[in-house]
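Peer 1: Please find the sequence and the predicted model below.
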Amino acid sequence: MLPQDMRYIGVNDHAVDLFEGQYVVPNGMAYNSYVILDERVAVMDTVDAGFGDEWLQKLTEALDGRRPDYLVVQHMEPDHSANMARFVERYPEATVVASAKALAMAKDFYGLEGERTLAIKEGDTLSLGRHELTFIAAPMVHWPEVMLTYDKTDRVLFSADAFGKFGALDVDEEWDCEARRYYIGIVGKYGAQVQALLKKAAALDIAVICPLHGPVLTGDLAHYIGLYDTWSAYRPESRGVMIAYTSVYGNTRAAVEYLAGQLRADGCEKVVLCDLARCDMAEAVEDAFRYDRLVLATTTYNADVFPFMRHFIEALTERNYQNRTVGLIENGAWAPLAAKKMTELLSGAKHLTMLETVVTVHAALNADSRAALAAMARELCAVD
Ligand code: FEO
């Protein structure tokens, strides 16, 4: 619920095929924008290029005959800034408020320069009358120019991409899963920067979080902030074993299904299987970060690992995958090399505990490889 003099003027996008050019969003995407109707009127960000008409219409209705004094641009990524030029054209007397980096980007993206601008930095304030806005730098959450806005009057944090999620607002779905997939995919590399932001946020009294994607958050904010702390500190969120695999003729799949059966028989509480050639890669990456244990199983291919496995491991390491237990299963009909190659791919990852048991499947399961998989299951179940 927004304070009585704030309005939501965001839009839902159900036409997007890939958000940010790579993420499937089966429930669409929301681009949020807000208006604060005080003695002076501030508009908080714009929306994606495809929704300029709808957004301007909503803005006009919210203004109810008034004209805005400020456009606050917290984040220059075009899913939020794409309608800056249209705004400036319609309201040339309004001042664009943004970080100096964002204003430089506005010139590069939209050729905007010479308009009324106010470059703000961390700690600067802007009074609208009843509301006093304070700006908080949040570099790399998720671009370098990002500036969050805190309204101390009504204890509202406008959080830019932070605390956002995939999914349009006219679809009813649980927050955690699509917020986790969004966070790990888009901001996962920048855990240190998110930790720095959480420290700043801890000093604020926050009742409402207004992100640029996903719903306005109210009520038990500790739940959302706690998850952000877990994710950005690279701590596992849940106990469980994620088994990520590739299989060409079904033999590696048979191996991981046998392992999953052994894990369940040994009392392992949660086992998630993922075929990397067929699943949503962003969801696989999300699950790897969610659980405390990971098994990688793949065929040897061109004296390397199967391409989907390489892509998966690189997606983990570029997001600073760490603090987990990892087991390796390789398959090879004549020269199994995949475990060695996966070890090399993971070599830069910090604080990984590698299982003692490494399983080699020679083409198809046999008594030896079944015994090795049973040993791997026991070792996984024994992890604290
Ligand atoms: Fe939603 Fe980083 O833009």
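Peer 2: Arrived safely.
Peer 1: hey, let's count contacts and neighbours off CA atoms from now on
Peer 2: Noted.
Peer 1: Doesn't residue 148 belong to a helix?
Peer 2: No: using DSSP: H, G, I helix; E, B strand; the rest coil, the secondary structure at residue 148 is strand, not a helix.
Peer 1: contacting residues around it?
Peer 2: 74, 135-138, 157-160 (C-alpha atoms under 8 Å, 6 or more residues apart in numbering).
Peer 1: Buried ones only from the residues you listed, please, as a PyMOL command.
Peer 2: To isolate the buried members of those in PyMOL, using 16 or more other C-alpha atoms under 10 Å:
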select buried, resi 74+135+136+137+138+157+158+159+160
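Peer 1: With secondary structure and pLDDT added, can I get the contacts of residue 148 in JSON lines?
Peer 2: As requested, these are arranged in JSON lines below (DSSP: H, G, I helix; E, B strand; the rest coil; pLDDT from 0 to 100):
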{"residue": "74", "secondary structure": "coil", "pLDDT": "98"}
{"residue": "135", "secondary structure": "strand", "pLDDT": "98"}
{"residue": "136", "secondary structure": "strand", "pLDDT": "98"}
{"residue": "137", "secondary structure": "strand", "pLDDT": "98"}
{"residue": "138", "secondary structure": "coil", "pLDDT": "98"}
{"residue": "157", "secondary structure": "strand", "pLDDT": "98"}
{"residue": "158", "secondary structure": "strand", "pLDDT": "98"}
{"residue": "159", "secondary structure": "coil", "pLDDT": "98"}
{"residue": "160", "secondary structure": "coil", "pLDDT": "98"}
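Peer 1: when you check the ligand, which of the contacts of residue 148 turn up near it?
Peer 2: Subset of the contacts of residue 148 in contact with the ligand: empty, counting by C-alpha under 6 Å from any ligand atom.
Peer 1: can you put the contacts of residue 148 in TSV and add distance to residue 327?
Peer 2: Below are the contacts of residue 148 laid out as TSV (distance: C-alpha to C-alpha, whole Å):
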residue	distance to residue 327
74	42
135	45
136	42
137	40
138	36
157	41
158	41
159	38
160	37
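Peer 1: Tell me the one of the contacts of residue 148 nearest residue 196?
Peer 2: Checking the contacts of residue 148 against residue 196 with C-alpha to C-alpha, the nearest one is residue 138 at 8.2 Å.
Peer 1: my guess is the closest one meets residue 147, correct?
Peer 2: Yes: with contact defined as C-alpha atoms under 8 Å, residue 138 reaches residue 147; the gap is 5.6 Å.
Peer 1: May I have stretch 127-145 as PDB, with CA atoms only?
Peer 2: Output in PDB follows, covering the C-alpha atoms of stretch 127-145 (Å, rounded to 0.1, in the frame of the first residue of the first chain):
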ATOM      1  CA  SER A 127      12.500  18.700  -0.500                       C
ATOM      2  CA  LEU A 128       9.200  18.400  -2.200                       C
ATOM      3  CA  GLY A 129       7.300  20.100   0.700                       C
ATOM      4  CA  ARG A 130       6.000  17.500   3.100                       C
ATOM      5  CA  HIS A 131       8.400  14.800   1.700                       C
ATOM      6  CA  GLU A 132      12.200  15.000   2.000                       C
ATOM      7  CA  LEU A 133      14.000  12.700  -0.400                       C
ATOM      8  CA  THR A 134      17.600  11.600   0.400                       C
ATOM      9  CA  PHE A 135      19.700   9.900  -2.200                       C
ATOM     10  CA  ILE A 136      21.700   6.700  -1.600                       C
ATOM     11  CA  ALA A 137      24.400   5.500  -4.000                       C
ATOM     12  CA  ALA A 138      24.100   1.800  -5.000                       C
ATOM     13  CA  PRO A 139      26.800   1.300  -7.500                       C
ATOM     14  CA  MET A 140      26.500  -2.000  -9.500                       C
ATOM     15  CA  VAL A 141      23.100  -2.700  -8.100                       C
ATOM     16  CA  HIS A 142      22.800  -3.100 -10.900                       C
ATOM     17  CA  TRP A 143      24.700  -0.600 -13.000                       C
ATOM     18  CA  PRO A 144      27.400   1.900 -11.700                       C
ATOM     19  CA  GLU A 145      25.200   5.000 -11.900                       C
END
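Peer 1: So which bits of that stretch are buried?
Peer 2: 128, 131, 133-143, 145.
Peer 1: contacting residues for residue 244?
Peer 2: By C-alpha under 8 Å, 6+ apart, the neighbours of residue 244 are 273-276, 284, 294-297.
Peer 1: Around the ligand, pick out the residues from this structure.
Peer 2: Counting by C-alpha under 6 Å from any ligand atom, the chain sits next to the ligand at 77, 79, 142, 161.
Peer 1: For ChimeraX, write a command that selects the buried ones of those.
Peer 2: The buried residues among these can be selected in ChimeraX (16+ other C-alpha under 10 Å) with this line:
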select :77,79,142,161
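Peer 1: Mind checking which of the residues of the chain next to the ligand land in helices?
Peer 2: If you go by DSSP state H, those have residue 79 in helices.
Peer 1: For the residues of the chain next to the ligand, could you give me a markdown table that also reports pLDDT?
Peer 2: Listed next are these as a markdown table, based on pLDDT from 0 to 100:
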| residue | pLDDT |
| --- | --- |
| 77 | 98 |
| 79 | 98 |
| 142 | 89 |
| 161 | 98 |
